[in-house]
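A.B. asks: fold the following for me, if possible:
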Amino acid sequence: MPTFSKRAAFASGWERFKERPFFLIGLFILTTLVSAFTSALIDAATGGVRVAFNILDFAVQIVLNMGLTLIVLRVYDRVETGYMDIFEPFHMFWKYLSATILTLIIVLFGLVLFIVPGIVAMIALAFTSYLLIDRNLGPIEAITESMRITHGHRWNLLLFGLSLVVFNLLGALFFGIGLLITIPVSALATVHVYRWLLYPPAEAPVRVSSLTKALAALVMAVLIIGGGIALVSLAISGMQENTATQELRDTQRRTDLAFIKFGADAYYVDADSYPADLSMLVPKYLPALPRDPQTGVAYNYVVYENGANFEVCAPLETDPFGGVYCEFGIDPSEAGESGTIEFLE
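C.D. replies: Next up, the predicted model:
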């Protein structure tokens, strides 16, 4: 089936880029800085605040994607546009979000079905967001239309996508400075393909040979297998690193409890009883009270027998039985206790 020319797409993207290079480079830098700022907020936050910032970052990315799509379409069409236009499609937020979620569900479902259907779905739905912004279609309409216009062109779209990857990898050379050019040109080249598929022009179409399809399939297979191996390796490495971190935290907990016991025993020598509260150890016996290295919460301290004994405990992350480690005011062996207490349900 006759299809679009990748060379013509890149040539068109370059020509449009040359018309407004500083505007497009500024747009790329601006959106990158906004994304970096929200990412920094996430990295600096913890707990519920981190979750809130993650939701904020997701919403910001949706707004940026909508605005970038509109601006790139206008630059390609030679329609006057500016940076503030990035907020113009904001009223489409929920519609765009719905289309994004539906697309992700379809692609993920396809990836589960032996990967290949997921790749096909990714290609078939590539222009959903363009159709939603450009023609103001609903989520289902945009998905359906994207599938229609890409039908018969998916091999060439796969090759085009691989070409974009290589093009931007080249741009990433020299400390990534080339990306200031390759990313805008790639975006404009993609719009050229979108316009060609939506309104096929009179330019001479091309055909994708069987050899080219076979090579594209081979490259995708290598990328998928290599990516799968890399993900498994990262997962294993992450698990090992997480286990090592947990062990380090447990070591710190044991050290903290021994430190507290040392201070409490010194207090006992002076007062002939253990402190009713650990705060009584500061600053004479301890410079500061240790806290759990993960949660920052004070360790559980209980004094009993009218101050003649105490226990201070910490939950362990690497104990296979879900136990806690405790230090006591008297030798645990004399009391028939163990340094580790296991809670059985």
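
A.B. asks: from here on, contacts and neighbour counts on C-alpha atoms
C.D. replies: Fine.

A.B. asks: which residues of the stretch 1-150 of the chain score low on pLDDT?
C.D. replies: 1, 114 (pLDDT under 70).

A.B. asks: can you give me the helices for it?
C.D. replies: Under the criterion DSSP state H, counting those that start in this stretch, helices of the stretch 1-150 of the chain are mapped to 6-19, 21-44, 47-76, 93-112, 116-124, 128-135, 139-150.

A.B. asks: of these, which is nearest residue 191?
C.D. replies: helix 47-76 (6.5 Å; C-alpha to C-alpha).

A.B. asks: shaky segments in the stretch 201-345 of the chain?
C.D. replies: For the stretch 201-345 of the chain (pLDDT under 70), the answer is 202-209, 211-228, 230-244, 320-322, 330-345.

A.B. asks: what is the end-to-end distance of stretch 16-23?
C.D. replies: 12 Å (C-alpha to C-alpha, to the nearest Å).

A.B. asks: quick one: buried residues of it?
C.D. replies: 16, 17, 21 (16 or more other C-alpha atoms under 10 Å).

A.B. asks: surely the first one meets residue 73?
C.D. replies: No - shown here, residue 16 and residue 73 do not form a contact pair, counting by C-alpha atoms under 8 Å, at 10.8 Å.

A.B. asks: what do the two both touch?
C.D. replies: Jointly contacting residue 16 and residue 73 under the rule C-alpha atoms under 8 Å, 6 or more residues apart in numbering are residue 188.

A.B. asks: follow-up on the earlier one: which among the buried residues of stretch 16-23 gets closest to residue 196?
C.D. replies: residue 16 (15.4 Å).

A.B. asks: what separation do you get for the closest residue to that closest one other than its chain neighbours and residue 185?
C.D. replies: Nearest in space to residue 16, with sequence neighbours left out and distances taken as C-alpha to C-alpha, 6 or more residues apart in numbering, is residue 76 at 6.1 Å. Counting by C-alpha to C-alpha, the gap from residue 76 to residue 185 is 10 Å.

A.B. asks: over to residue 55?
C.D. replies: For residue 55, the distance to residue 185 - C-alpha to C-alpha - is 30 Å.

A.B. asks: who has more neighbours, the two?
C.D. replies: residue 185 (28 against 13; other C-alpha atoms under 10 Å).
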